[in-house]
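Engineer: sharing a sequence plus its predicted fold:
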Amino acid sequence: MAFSSDVAVIDGCRTPFVRSGTAFTDFTTYDLGRTAVAGLLHRTRLDPDAVDLVVMGSVLADPATTNLAREVALGCGITTSAPAYTVTVACVSSLQAILDGVRAIQTGAARVVIAGGAETFSDVPIRFRRPVRKRLIASQKVRGLRDRLGLAKGLRLKDLLPEVPAIAEFSTAETMGQNAERLAKRLGISREEQDAWALASHQRAARATVEGLLARQIVSAWAPPRYEREAFDNGIRGDSSPAALARLKPAFDRRFGTVTAGNSSFLTDGAAAVLLVRADRARELGLQPTAIVRASAMTGADPREELLLGPAFATPRALDAAGIRLDQLGVVEFHEAFAAQVVANLRLLADETFCRERLGRRGAVGRIDSERLNAWGGSLAVGHPFGATGARLVTTCCHRMRFENARYGAVAACAAGGIGVALVLERA
Amino acid sequence: MGSFHFEVRDDRVAIVTLDCPGSSVNMLSPSLIGELESELLGILDDPGVVAAVLASGKPSTFIAGADLKTLEAIGEASEAEAFSRRGHALLDRVARCGKPVVAAIHGAALGGGLEVALACSHLIASDDPATVLALPEVMLGLLPGAGGTQRLPRRVGLPAALPMILTGQRIRARKALRMGLVDAVTTPGGIAGTAARAALELANGRGLVRRPLPLAVRLLTFSPLRLIVLRAARRQVLRRTRGLYPAPLAALECVRVGLARGEEAGKDAESRSFGRLVVSRPAKSLVFLFNASNAVKKPAEGAKSRAVRRLGVVGGGFMGAGVAGVSLAHCPVVVKDIADGVLSSCIRAVAGGLDKQVRSGAVARIERDRRLSRLFLTTDPAELAGCDLVVEAVFEEVELKRRVLAEVEAVIGEEAVVASNTSALPIAAIAAEARRPERVLGMHYFSPVHQMPLLELVVATRTAPWAVDTARALGIAQGKTVIAVKDGPGFYTTRILAAYLNEAMLVLEEGAAIEDVDAALKDFGFPVGPIALLDEVGIDVGAHVARDLGGAFAARGLSSSPLLPRLAEAGYRGRKNRKGFYLYPAGGKKGRKKVNTEVYAFFGGAGRRRVPRPEIAERLGLTMINEAAHCLEEGVIASPRDGDLGAVMGLGFPPFSGGPFHFVDHDGAGTIVDRLHGLTERLGPRFTSAGILADAARDGRRFYPD
């Protein structure tokens, strides 16, 4: 679909992405979101009263802030007259937030939109198990000691153990890691290939950090209780080696597996946000557009065999909508859930059979040489706070387009349920 | 036009709404009381009315208290006493009308306003942060003169009532409910209707039931056990006021009489004390200070200020953090420092301050987050781009301040103001190499910034009026009492303080004991003695200032003590390294400081002689007053009012006196000049009267002609 009125990405920024249970243990999703949005407001010098809409993505909602976007907007002093809502589409949640923002601008509903997302795995909503929950709800209605005691009947000791949310597919009962194994085996992606991709991702992220390229997208966070500055991602292992990675045991299939903690993304806390405005209004707001959103696509695929193939499904659709070819992309940012998943998507985009049978195309979409893809590292190294990754990808894509002076850029990611999203940007 | 209107609803509940015309708040004036006497009582007596509600038509005030203009105009104690008795008569009628009367309190119910509410049978308050209940009379040298000392202890018990009556403690809705000051809390919208419902229920014998006070509280209030509480309170008051402020003691006495001999006797005592206090020196002084500081909280006519939409602060230390903290309610703040560690303690201080306000109910939690979200910390000066005003709060060193100024000017817009938070360095020197000196001025904050009300703007000869107006508007937005003074060594406050501290050093050199000097000035009415103050400020800082000002004083033939710099060089720095004129025990703030006898080695040895405390106070007090007069003469301060505000709000000059210039008016310029002359004869020319004092003495002129 061609867009009627141009939407500009002004800039984006994010908190440092940190391994869960480290620097941001005392930050809620709300605090993380607030840090990213406040940082964006400061960077762009945008008047908070000029914002028309705030959309945020988040996956494991904190029950206290189910409409995360609204709380973040209020906590940042964004005018109360700007509505705000929260979307959840697993790992593409903030891409969905951005797409919603783009559409709101295109339809004339808004001119200035903040879109992003936040996630913490340092404080996930841990629940009682179902038997206990059922009795707790029932207990609100009972009167008298006997009824109360009756409630305990049939309760087993192990029912009292808390339940931690699993990162598993509801429809297939398979975890993401198990599915990555399934994919690696089906396509014959070797352990070495996966480790090599993971190592490259870490080394690229490390180099981009040292060269200060990532600093431009990171806004420091000062997290309680000590309020010390966190300015860097702390999951990047630039000093890792093939040997070190090779020593790790497979995490999901001990016997025949190839997917390890080293070539998977880790649990991460962080938030990211981008500023979208109607392109023809940017100047009067004193803002300088970085890129124009040219097209987007959202796809669905089989949640068992194609769960992690979102980029392969969505990218060609978005390219077609933008009217450009894969080889015209100067910058490509693919989400890296697992090294096996990135390799699989690249391989299938270049695979004629797949492209014909599953994408309905005449031939292969094409190859993406590795210089263009995730040049500043990907989710494997930087980390993957589910709700924030999409906004990080768009921010990185924009910054790389500026840095590399590229005309076209694309962002794509996969998500639970076999969902894929892709976005094509053109340098403004 | 009437000050209130009323309607009698179909259910026969009368809703009386106070709405003083031409004012944003309701205040108790003789005319309002007259209206209430002639009409309110009639409504209450009307057999067609079963219950009444007393509400306010103002957006954020119930009743702000007695009209100070009325009180100021009173010249005779008997007049004030009659005013109080009239109030008693009116409120007694309300209290005894035999029908439920519910006060619907949204916004401030202060002083007489709370006393009106207390005369009602029931109180309902809104849970809004604007709702504050207090009896602040003692802070103005007065006491609650409309039954407050009688009804409050009976309602909430003595232990809870005394802090309100004796210190003006402010109570918010939730706490008011907990302590039984109000009977219910509701939301602000439609509070009159909610109160009417409660009133109707009460008229039908149902509804709000007041919980009896706990037994212990009842015993401490109504049994002879209360003597323990009263005695403890008396001791505390004496320690705090040093006998200089009669109001709290008088209020305490009214409470005692009321509980011992009944409410009538208590009210009688109240009226008599009220009459006496209204015309007393402390009340006159405190009311002047209150009015004067309110007067400077409004921008001047025709001010050319430019909006400050983003504030920069360079230096995230204690002062910088303080400035950021008081500004975040107004606009985003960018704090720039060279060290992450400093920035970290900066945000810790700001967040800690906000957390405290959240706990007290002064700031909502979301507002805390909003303010913290507006705080941006950085080590990169380029981030100051877009700031409309930048306050530099780095170490007191001209070279450093010049460097920072250049760094700031390189990134800010042409229209932005740069202010130096300095206590003594001349702005002209700091701005000597400025690209645009007309936008440079001094903003001298006092430490700790969130507590000290004064902001001294320092205007250099080249500073443009629009820059001053912009800084003043920011100061007002920060809640400060702002005075503008002329650039020069020490400006105003630091200069008169330096003269005073110098005299303290000279007294020590003559053999006085440290504790005598501090006690003397506390007896005189300063909250802190000069030596203890030096330890707080830092002896090294004091030495710095003494050196900077020494030249200026020497030019006038004033002898400066060389001892502060020497002490600082020897490593005595004050509280910050726990070693100054006093020794500070490590760890807690709780430990009591002890005089550090080591320092006597610098002041002529350990042998001390008794210098009479009144003599010490006279020497130091007159030194400060005389220096203030010099400042007025030289045009450093624009008016005696600014001089009085600056000395009291910035330095703690005895508030009961109303400031140095009121002090002179009170004692008479003639006596002051004579006393200075006597000191000149004995101790040297540094006590020579300022010309303006001598002139006033000769012409019999006052600084404040009535």
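Structural biologist: Cool, the structure landed. Numbering: from 1, shown residues only, chains lettered A, B, ... in the order given.
Engineer: can you list the domains in chain A?
Structural biologist: Chain A is divided into the following domains under automatic domain parsing: A:7-123+A:266-423, A:131-160.
Engineer: how about the first one, does it reach chain B?
Structural biologist: Yes - Domain A:7-123+A:266-423 is in contact with chain B by C-beta under 8 Å from any C-beta of the partner chain, via A:Arg34, A:Val37, A:Ala38, A:Gly39, A:Leu41, A:His42, A:Arg45, A:Leu74, A:Gly75, A:Cys76, A:Gly77. Using the backbone N, CA and C atoms, a C-beta is placed for each residue, glycine as well.
Engineer: who's in contact with B:Glu79?
Structural biologist: By C-beta atoms under 8 Å, 6 or more residues apart in numbering or on different chains, the residues touching B:Glu79 are B:Gly275.
Engineer: got the CA positions of the strand or helix carrying it in CSV?
Structural biologist: Secondary structure assignment for B:Glu79, by DSSP states H and E: helix B:77-95. Written as CSV, here are the backbone C-alpha positions of helix B:77-95 (Å, rounded to 0.1, in the frame of the first residue of the first chain):
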residue,chain,number,x,y,z
ALA,B,77,-4.6,46.5,72.0
SER,B,78,-8.1,47.2,73.2
GLU,B,79,-9.2,47.4,69.5
ALA,B,80,-7.8,44.0,68.7
GLU,B,81,-9.2,42.5,71.8
ALA,B,82,-12.7,43.8,70.8
PHE,B,83,-12.2,42.2,67.4
SER,B,84,-11.4,38.9,69.0
ARG,B,85,-14.4,39.1,71.4
ARG,B,86,-16.7,39.9,68.5
GLY,B,87,-15.4,36.8,66.7
HIS,B,88,-16.0,34.7,69.8
ALA,B,89,-19.6,35.9,70.2
LEU,B,90,-20.3,35.1,66.5
LEU,B,91,-18.7,31.6,66.6
ASP,B,92,-20.3,30.8,69.9
ARG,B,93,-23.7,31.4,68.4
VAL,B,94,-22.8,29.1,65.5
ALA,B,95,-21.5,26.4,67.9
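Engineer: for that helix, which residues meet the burial criterion?
Structural biologist: Across helix B:77-95, burial judged by 16 or more other C-beta atoms under 10 Å in any protein chain shown covers B:77, B:80-81, B:83-88, B:90-91, B:93-95.
Engineer: next structured bit after that helix?
Structural biologist: strand B:101-105.
Engineer: surely B:Met22 is in a helix?
Structural biologist: Not quite, residue B:22 is Gly, not Met. No - if the criterion is DSSP: H, G, I helix; E, B strand; the rest coil, then B:Gly22 is coil and not within a helix.
Engineer: the helix holding B:Glu79 to strand B:101-105, inter-axis angle?
Structural biologist: 110 degrees (axes from the mean of the first three to the mean of the last three C-alpha atoms, to 10 degrees).
Engineer: closest residue of the stretch 51-200 of chain A to chain B?
Structural biologist: Proximity of the stretch 51-200 of chain A to chain B (C-beta to the nearest C-beta) peaks at A:Gly75, 4.0 Å away.
Engineer: any idea of the mean pLDDT in the helix holding B:Glu79?
Structural biologist: Averaged across helix B:77-95, pLDDT comes to 96.
Engineer: the nearest residue to the residue of the stretch 51-200 of chain A closest to chain B once chain neighbours are set aside: which element?
Structural biologist: When the adjacent residues along the chain are set aside, A:Gly75 lies closest to B:Asp369, with 4.0 Å between them (C-beta to C-beta, 6 or more residues apart in numbering or on different chains). Here B:Asp369 sits within helix B:365-373, counting by DSSP H and E.
Engineer: which strands or helices does that helix pack on?
Structural biologist: With contacts taken as 3 or more C-beta pairs under 8 Å, 6 or more residues apart in numbering or on different chains; DSSP states H and E, helix B:365-373 sits against helix A:29-44, helix A:68-75, helix B:340-360.
Engineer: in a markdown table: those helices, plus mean pLDDT.
Structural biologist: What follows is the helices and strands packed on helix B:365-373, written out as a markdown table (pLDDT from 0 to 100):
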| stretch | mean pLDDT |
| --- | --- |
| helix A:29-44 | 97 |
| helix A:68-75 | 98 |
| helix B:340-360 | 95 |
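Engineer: after the helix holding B:Asp369, next one along is what?
Structural biologist: According to DSSP H and E, the helix or strand after helix B:365-373 is strand B:375-378.
Engineer: partner strands of that following strand, parallel or antiparallel?
Structural biologist: strand B:333-336 (parallel) (DSSP bridges).
Engineer: just how off-centre is the strand it pairs with within its chain?
Structural biologist: From the chain centre to the centre of strand B:333-336 is a distance of 27 Å (C-alpha atoms, centre = their mean, to the nearest Å).
Engineer: low-confidence bits of the stretch 1-150 of chain B, can you list those?
Structural biologist: Counting by pLDDT under 70, the ranges of the stretch 1-150 of chain B that qualify are B:1.
Engineer: could I get the average pLDDT for stretch A:208-228?
Structural biologist: So the average pLDDT for stretch A:208-228 ends up being 96.
Engineer: buried set for that stretch?
Structural biologist: Neighbour-count burial for stretch A:208-228 flags A:208-209, A:213-214, A:216-223, A:227-228 (criterion: 16+ other C-beta under 10 Å).
Engineer: those in strands, which ones?
Structural biologist: Filtering these for membership in strands, criterion DSSP state E, returns A:Ala221, A:Trp222, A:Ala223, A:Glu228.
Engineer: can you redo the residues you listed as JSON lines with distance to chain B?
Structural biologist: Formatted as JSON lines, those follow (distance: C-beta to the nearest C-beta, whole Å):
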{"residue": "A:Ala221", "distance to chain B": "10"}
{"residue": "A:Trp222", "distance to chain B": "5"}
{"residue": "A:Ala223", "distance to chain B": "10"}
{"residue": "A:Glu228", "distance to chain B": "5"}
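Engineer: now distance to B:Ala464 too, for the residues you listed, in a markdown table please.
Structural biologist: Compiled in a markdown table, these are given as follows (distance: C-beta to C-beta, whole Å):
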| residue | distance to B:Ala464 |
| --- | --- |
| A:Ala221 | 40 |
| A:Trp222 | 36 |
| A:Ala223 | 42 |
| A:Glu228 | 41 |
